[in-house]
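Enquirer: Sequence first, predicted model second:
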Amino acid sequence: MPPGQHRVALRAGLSVAVPLLTLVVTGHTSWAVYAAFGAFTALYGRSRVHLPRAVMQATAGLTLVAAVGLGALVSAVGVGPWTLVLLSALVAAGGSVASTVFDWHPSGPLFAIFAFGTVASAPAGFSDVPVALAVSAASAALAVVIGNVGAVARRTPWTSPPPLRAPRYVDPLRYVVVVTLAGGAATAAGIGHPWWAMVAAAAPLSVSGRDHQVLRASHRIVGTLLGLLVAAPLLLLGLDPVPLVLVVVVLQIVTELVVGRNYGIAMLFITPMALLMGQLGSSQGPGALLFDRGVETFIGAVVAVMLILVEHGRDEVAR
(Lines give C-alpha, C1' and ligand atoms only; values in the text may rest on other atoms or scores of the structure.)
Protein backbone atom coordinates (compact mmCIF):
# COMPACT_ATOMS: atom_id res chain seq x y z
CA MET A 1 0.00 0.00 0.00
CA PRO A 2 1.43 3.44 -0.90
CA PRO A 3 2.51 5.57 2.07
CA GLY A 4 -0.31 7.67 3.50
CA GLN A 5 -3.01 5.77 1.61
CA HIS A 6 -4.90 5.15 4.83
CA ARG A 7 -5.16 8.92 5.37
CA VAL A 8 -6.54 9.35 1.85
CA ALA A 9 -9.13 6.66 2.51
CA LEU A 10 -10.17 8.13 5.85
CA ARG A 11 -10.51 11.61 4.35
CA ALA A 12 -12.75 10.22 1.60
CA GLY A 13 -14.84 8.28 4.10
CA LEU A 14 -15.26 11.30 6.37
CA SER A 15 -16.17 13.54 3.43
CA VAL A 16 -18.98 11.14 2.53
CA ALA A 17 -20.13 10.34 6.08
CA VAL A 18 -20.61 13.86 7.47
CA PRO A 19 -22.96 15.33 4.81
CA LEU A 20 -24.96 12.14 4.26
CA LEU A 21 -25.50 11.43 7.95
CA THR A 22 -26.39 15.09 8.54
CA LEU A 23 -29.09 14.98 5.87
CA VAL A 24 -30.45 11.64 7.03
CA VAL A 25 -30.62 12.67 10.69
CA THR A 26 -32.27 16.01 9.86
CA GLY A 27 -34.91 14.35 7.68
CA HIS A 28 -33.60 15.48 4.27
CA THR A 29 -32.67 12.10 2.88
CA SER A 30 -34.00 13.06 -0.56
CA TRP A 31 -31.12 15.57 -0.83
CA ALA A 32 -28.49 12.91 -0.16
CA VAL A 33 -27.78 12.31 -3.85
CA TYR A 34 -26.71 15.97 -4.21
CA ALA A 35 -24.40 15.72 -1.20
CA ALA A 36 -22.93 12.42 -2.38
CA PHE A 37 -21.70 13.85 -5.65
CA GLY A 38 -20.31 16.93 -3.95
CA ALA A 39 -18.43 14.62 -1.60
CA PHE A 40 -16.76 12.96 -4.58
CA THR A 41 -14.49 16.02 -4.55
CA ALA A 42 -12.49 14.15 -1.91
CA LEU A 43 -11.51 11.51 -4.48
CA TYR A 44 -9.29 13.94 -6.38
CA GLY A 45 -5.66 14.73 -5.71
CA ARG A 46 -4.80 11.67 -3.64
CA SER A 47 -1.25 11.77 -5.02
CA ARG A 48 -0.84 15.54 -4.54
CA VAL A 49 -0.09 17.54 -1.43
CA HIS A 50 -1.00 20.95 -0.08
CA LEU A 51 -1.78 23.71 -2.61
CA PRO A 52 -1.76 21.46 -5.73
CA ARG A 53 -4.28 19.16 -4.04
CA ALA A 54 -6.43 22.08 -2.90
CA VAL A 55 -6.49 23.55 -6.42
CA MET A 56 -7.30 20.20 -8.00
CA GLN A 57 -10.08 19.47 -5.53
CA ALA A 58 -11.51 22.98 -5.87
CA THR A 59 -11.70 22.80 -9.67
CA ALA A 60 -13.08 19.27 -9.62
CA GLY A 61 -15.60 20.27 -6.93
CA LEU A 62 -16.82 23.22 -8.97
CA THR A 63 -17.28 20.94 -11.97
CA LEU A 64 -19.23 18.38 -9.93
CA VAL A 65 -21.46 21.09 -8.45
CA ALA A 66 -22.12 22.46 -11.93
CA ALA A 67 -22.98 18.93 -13.15
CA VAL A 68 -25.39 18.43 -10.23
CA GLY A 69 -27.03 21.82 -10.76
CA LEU A 70 -27.38 21.27 -14.50
CA GLY A 71 -28.80 17.82 -13.86
CA ALA A 72 -31.43 19.21 -11.50
CA LEU A 73 -32.35 21.91 -14.04
CA VAL A 74 -32.65 19.35 -16.85
CA SER A 75 -34.85 17.19 -14.63
CA ALA A 76 -37.08 20.16 -13.83
CA VAL A 77 -37.43 21.05 -17.51
CA GLY A 78 -38.30 17.45 -18.32
CA VAL A 79 -36.25 16.67 -21.44
CA GLY A 80 -36.60 13.39 -23.29
CA PRO A 81 -34.18 10.47 -22.97
CA TRP A 82 -32.40 11.15 -26.26
CA THR A 83 -31.82 14.79 -25.36
CA LEU A 84 -30.43 13.58 -22.05
CA VAL A 85 -27.90 11.43 -23.92
CA LEU A 86 -26.75 14.39 -26.02
CA LEU A 87 -26.47 16.65 -22.97
CA SER A 88 -24.47 13.96 -21.17
CA ALA A 89 -22.06 13.89 -24.11
CA LEU A 90 -21.58 17.66 -23.79
CA VAL A 91 -20.94 17.29 -20.06
CA ALA A 92 -18.37 14.61 -20.88
CA ALA A 93 -16.62 16.95 -23.32
CA GLY A 94 -16.55 19.81 -20.83
CA GLY A 95 -15.30 17.56 -18.06
CA SER A 96 -12.59 16.20 -20.34
CA VAL A 97 -11.31 19.71 -21.08
CA ALA A 98 -11.34 20.65 -17.39
CA SER A 99 -9.54 17.40 -16.50
CA THR A 100 -6.77 18.15 -18.98
CA VAL A 101 -6.40 21.82 -18.10
CA PHE A 102 -6.25 21.23 -14.35
CA ASP A 103 -4.47 17.87 -14.59
CA TRP A 104 -7.01 15.99 -12.49
CA HIS A 105 -6.20 12.72 -10.81
CA PRO A 106 -8.19 10.59 -11.35
CA SER A 107 -8.41 11.95 -14.86
CA GLY A 108 -11.37 12.26 -17.15
CA PRO A 109 -15.03 13.33 -16.79
CA LEU A 110 -16.36 10.07 -15.30
CA PHE A 111 -17.72 11.55 -12.06
CA ALA A 112 -19.21 14.56 -13.84
CA ILE A 113 -21.10 12.25 -16.22
CA PHE A 114 -22.25 10.12 -13.29
CA ALA A 115 -23.44 13.17 -11.33
CA PHE A 116 -25.28 14.78 -14.22
CA GLY A 117 -26.96 11.59 -15.45
CA THR A 118 -28.11 10.47 -12.01
CA VAL A 119 -29.51 13.84 -10.93
CA ALA A 120 -31.07 14.58 -14.33
CA SER A 121 -32.92 11.26 -14.22
CA ALA A 122 -34.34 11.80 -10.72
CA PRO A 123 -37.65 13.68 -10.32
CA ALA A 124 -37.08 17.36 -9.50
CA GLY A 125 -38.84 20.70 -9.76
CA PHE A 126 -37.40 24.16 -10.34
CA SER A 127 -37.36 24.77 -6.58
CA ASP A 128 -34.93 21.84 -6.27
CA VAL A 129 -32.27 23.47 -8.45
CA PRO A 130 -30.97 25.93 -5.82
CA VAL A 131 -31.18 23.16 -3.22
CA ALA A 132 -29.07 20.87 -5.42
CA LEU A 133 -26.50 23.61 -5.94
CA ALA A 134 -26.33 24.57 -2.27
CA VAL A 135 -26.16 21.04 -0.89
CA SER A 136 -23.58 19.80 -3.41
CA ALA A 137 -21.49 22.97 -2.98
CA ALA A 138 -21.50 22.64 0.82
CA SER A 139 -20.51 18.98 0.54
CA ALA A 140 -17.73 19.77 -1.94
CA ALA A 141 -16.42 22.60 0.24
CA LEU A 142 -16.34 20.28 3.24
CA ALA A 143 -14.36 17.73 1.22
CA VAL A 144 -11.80 20.41 0.29
CA VAL A 145 -11.46 21.44 3.94
CA ILE A 146 -11.07 17.85 5.13
CA GLY A 147 -8.57 17.16 2.36
CA ASN A 148 -6.32 20.07 3.27
CA VAL A 149 -6.80 20.80 6.96
CA GLY A 150 -3.86 18.53 7.81
CA ALA A 151 -1.43 20.71 5.90
CA VAL A 152 -2.70 23.82 7.68
CA ALA A 153 -2.58 22.16 11.10
CA ARG A 154 0.99 20.99 10.53
CA ARG A 155 1.89 24.36 9.01
CA THR A 156 3.50 22.55 6.13
CA PRO A 157 4.89 24.89 3.43
CA TRP A 158 2.46 25.06 0.50
CA THR A 159 4.11 24.28 -2.80
CA SER A 160 2.94 25.93 -5.99
CA PRO A 161 0.46 24.04 -8.15
CA PRO A 162 1.68 22.81 -11.55
CA PRO A 163 1.08 25.11 -14.53
CA LEU A 164 -2.17 24.73 -16.45
CA ARG A 165 -2.02 22.41 -19.43
CA ALA A 166 -3.32 23.06 -22.91
CA PRO A 167 -6.37 20.87 -23.63
CA ARG A 168 -5.99 18.02 -26.12
CA TYR A 169 -8.98 18.61 -28.34
CA VAL A 170 -9.10 14.99 -29.51
CA ASP A 171 -10.04 13.86 -26.00
CA PRO A 172 -13.39 15.70 -25.75
CA LEU A 173 -14.36 14.30 -29.16
CA ARG A 174 -13.59 10.74 -28.06
CA TYR A 175 -15.72 11.15 -24.94
CA VAL A 176 -18.57 12.61 -26.98
CA VAL A 177 -18.47 9.61 -29.31
CA VAL A 178 -18.39 6.87 -26.65
CA VAL A 179 -20.92 8.55 -24.37
CA THR A 180 -23.34 9.14 -27.25
CA LEU A 181 -23.00 5.59 -28.57
CA ALA A 182 -23.21 3.91 -25.16
CA GLY A 183 -26.04 6.09 -23.91
CA GLY A 184 -27.86 5.74 -27.22
CA ALA A 185 -27.57 1.94 -27.17
CA ALA A 186 -28.85 1.71 -23.60
CA THR A 187 -31.69 4.13 -24.32
CA ALA A 188 -32.71 2.28 -27.48
CA ALA A 189 -32.73 -0.97 -25.51
CA GLY A 190 -35.11 0.60 -22.99
CA ILE A 191 -32.84 0.02 -20.01
CA GLY A 192 -33.64 2.22 -17.05
CA HIS A 193 -30.23 3.68 -16.17
CA PRO A 194 -28.43 4.69 -19.41
CA TRP A 195 -25.96 6.90 -17.54
CA TRP A 196 -24.34 3.74 -16.15
CA ALA A 197 -23.49 2.72 -19.72
CA MET A 198 -22.07 6.19 -20.36
CA VAL A 199 -19.88 6.03 -17.26
CA ALA A 200 -18.64 2.54 -18.18
CA ALA A 201 -17.77 3.80 -21.68
CA ALA A 202 -15.86 6.80 -20.32
CA ALA A 203 -13.87 4.88 -17.71
CA PRO A 204 -11.36 3.12 -20.04
CA LEU A 205 -10.49 6.39 -21.79
CA SER A 206 -9.21 7.87 -18.53
CA VAL A 207 -5.98 5.85 -18.82
CA SER A 208 -3.44 6.05 -21.62
CA GLY A 209 -2.35 3.35 -24.02
CA ARG A 210 -4.46 0.83 -25.94
CA ASP A 211 -3.53 -2.15 -23.77
CA HIS A 212 -4.21 -0.28 -20.52
CA GLN A 213 -7.54 0.98 -21.84
CA VAL A 214 -8.70 -2.48 -22.91
CA LEU A 215 -7.57 -3.87 -19.55
CA ARG A 216 -9.52 -1.14 -17.74
CA ALA A 217 -12.64 -2.05 -19.75
CA SER A 218 -12.26 -5.75 -18.89
CA HIS A 219 -11.73 -4.89 -15.22
CA ARG A 220 -14.87 -2.79 -15.36
CA ILE A 221 -16.95 -5.68 -16.70
CA VAL A 222 -15.59 -8.48 -14.53
CA GLY A 223 -15.32 -6.33 -11.40
CA THR A 224 -18.89 -5.09 -11.82
CA LEU A 225 -20.32 -8.57 -12.33
CA LEU A 226 -18.57 -9.81 -9.19
CA GLY A 227 -19.55 -6.62 -7.39
CA LEU A 228 -23.19 -7.39 -8.12
CA LEU A 229 -22.80 -10.53 -6.03
CA VAL A 230 -21.65 -8.35 -3.15
CA ALA A 231 -24.42 -5.81 -3.75
CA ALA A 232 -27.30 -8.30 -3.96
CA PRO A 233 -27.47 -9.29 -0.27
CA LEU A 234 -26.95 -5.68 0.83
CA LEU A 235 -29.86 -4.51 -1.33
CA LEU A 236 -32.06 -7.36 -0.17
CA LEU A 237 -31.46 -6.41 3.47
CA GLY A 238 -33.45 -3.20 2.92
CA LEU A 239 -31.21 -1.21 5.25
CA ASP A 240 -32.55 1.89 7.00
CA PRO A 241 -30.90 5.18 5.95
CA VAL A 242 -28.36 5.47 8.81
CA PRO A 243 -26.90 1.93 8.55
CA LEU A 244 -27.04 2.24 4.77
CA VAL A 245 -24.88 5.36 4.92
CA LEU A 246 -22.44 3.65 7.28
CA VAL A 247 -22.09 0.74 4.86
CA VAL A 248 -21.50 3.21 2.01
CA VAL A 249 -18.77 4.93 4.05
CA VAL A 250 -17.02 1.62 4.74
CA LEU A 251 -17.19 0.71 1.05
CA GLN A 252 -15.77 4.13 0.13
CA ILE A 253 -12.84 3.70 2.50
CA VAL A 254 -12.04 0.21 1.22
CA THR A 255 -12.31 1.43 -2.37
CA GLU A 256 -9.71 4.12 -1.77
CA LEU A 257 -7.39 1.58 -0.17
CA VAL A 258 -7.41 -0.76 -3.18
CA VAL A 259 -8.22 1.34 -6.26
CA GLY A 260 -4.60 2.36 -6.80
CA ARG A 261 -3.47 -1.27 -6.79
CA ASN A 262 -6.15 -3.02 -8.84
CA TYR A 263 -9.11 -1.37 -10.54
CA GLY A 264 -10.97 -4.65 -10.96
CA ILE A 265 -10.86 -5.41 -7.25
CA ALA A 266 -11.97 -1.84 -6.50
CA MET A 267 -15.07 -2.46 -8.63
CA LEU A 268 -16.13 -5.13 -6.12
CA PHE A 269 -16.73 -2.27 -3.68
CA ILE A 270 -17.59 0.55 -6.09
CA THR A 271 -20.52 -1.41 -7.52
CA PRO A 272 -22.44 -1.99 -4.27
CA MET A 273 -21.55 1.51 -3.09
CA ALA A 274 -23.09 3.10 -6.19
CA LEU A 275 -26.22 0.97 -5.96
CA LEU A 276 -26.72 1.68 -2.26
CA MET A 277 -26.25 5.42 -2.81
CA GLY A 278 -29.01 5.24 -5.39
CA GLN A 279 -31.33 3.81 -2.74
CA LEU A 280 -31.03 6.92 -0.55
CA GLY A 281 -34.22 8.90 -0.94
CA SER A 282 -35.72 6.35 -3.34
CA SER A 283 -36.78 2.74 -3.42
CA GLN A 284 -36.22 0.54 -6.44
CA GLY A 285 -36.46 -3.19 -6.85
CA PRO A 286 -33.05 -4.83 -6.31
CA GLY A 287 -33.55 -7.25 -9.19
CA ALA A 288 -34.01 -4.52 -11.78
CA LEU A 289 -31.11 -2.51 -10.35
CA LEU A 290 -28.71 -5.44 -10.49
CA PHE A 291 -29.76 -6.36 -14.03
CA ASP A 292 -29.49 -2.79 -15.32
CA ARG A 293 -26.07 -2.28 -13.73
CA GLY A 294 -24.64 -5.44 -15.24
CA VAL A 295 -26.06 -5.00 -18.74
CA GLU A 296 -25.27 -1.31 -19.02
CA THR A 297 -21.72 -1.75 -17.77
CA PHE A 298 -21.20 -4.39 -20.46
CA ILE A 299 -22.67 -2.11 -23.14
CA GLY A 300 -20.52 0.85 -22.14
CA ALA A 301 -17.29 -1.11 -21.86
CA VAL A 302 -17.83 -2.83 -25.22
CA VAL A 303 -18.48 0.53 -26.91
CA ALA A 304 -15.23 1.88 -25.44
CA VAL A 305 -13.24 -1.15 -26.61
CA MET A 306 -14.71 -0.84 -30.10
CA LEU A 307 -13.59 2.81 -30.32
CA ILE A 308 -10.13 1.93 -28.98
CA LEU A 309 -9.68 -0.84 -31.54
CA VAL A 310 -10.95 1.33 -34.39
CA GLU A 311 -8.49 4.05 -33.44
CA HIS A 312 -5.66 1.52 -33.23
CA GLY A 313 -6.55 0.11 -36.64
CA ARG A 314 -6.64 3.59 -38.15
CA ASP A 315 -3.23 4.38 -36.67
CA GLU A 316 -1.82 1.13 -38.05
CA VAL A 317 -3.10 1.97 -41.54
CA ALA A 318 -1.63 5.47 -41.25
CA ARG A 319 1.78 4.02 -40.32
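Expert: Now that the structure is in, tell me what you want to look at.

Enquirer: So Gly260: helix, strand or coil?
Expert: Using DSSP: H, G, I helix; E, B strand; the rest coil, the structure places Gly260 in coil.

Enquirer: Not counting residues beside it along the chain, what's closest to the residue nearest the centre of the chain?
Expert: Centroid-nearest residue in the chain: Phe111, 2.7 Å away (criterion: Cα atoms, centre = their mean). The shortest distance from Phe111 to any non-neighbouring residue, by Cβ to Cβ, 6 or more residues apart in numbering, is to Phe40 (5.0 Å). Using the backbone N, CA and C atoms, a C-beta is placed for each residue, glycine as well.

Enquirer: quick one on the thing from earlier: the residue nearest to the centre of the chain touches Phe37, doesn't it?
Expert: Yes. Phe111 is in contact with Phe37 according to Cβ atoms under 8 Å; the separation is 7.3 Å.

Enquirer: Between the two, which contacts overlap?
Expert: By Cβ atoms under 8 Å, 6 or more residues apart in numbering, Phe111 and Phe37 have these common neighbours: Leu64.

Enquirer: quick revisit: what residues does the residue nearest to the centre of the chain make contact with?
Expert: Taking Cβ under 8 Å, 6+ apart, we find Phe111 in contact with 37, 40, 43, 60, 64, 95.

Enquirer: I'd like to know how far the second one sits from Leu215.
Expert: Applying Cβ to Cβ, to the nearest Å, one obtains 24 Å for the distance of Phe40 from Leu215.

Enquirer: The two: who's more crowded?
Expert: Taking neighbours as other Cβ atoms under 10 Å, Phe40 and Leu215 compare with Phe40 leading, 25 against 15.

Enquirer: could you give me the average pLDDT of stretch 137-153?
Expert: Model confidence over stretch 137-153, given as mean pLDDT, is 84.

Enquirer: quick one: buried residues of that stretch?
Expert: 137-144, 146-148, 151 (16 or more other Cβ atoms under 10 Å).

Enquirer: pLDDT below threshold where in the stretch 101-250 of the chain?
Expert: Across the stretch 101-250 of the chain, residues meeting the criterion (pLDDT under 70) sit at 150-162, 166-170.

Enquirer: on that earlier part again, mind picking the two most distant members of the contacts of Phe111?
Expert: Leu43 and Gly95 (13.8 Å; Cβ to Cβ).
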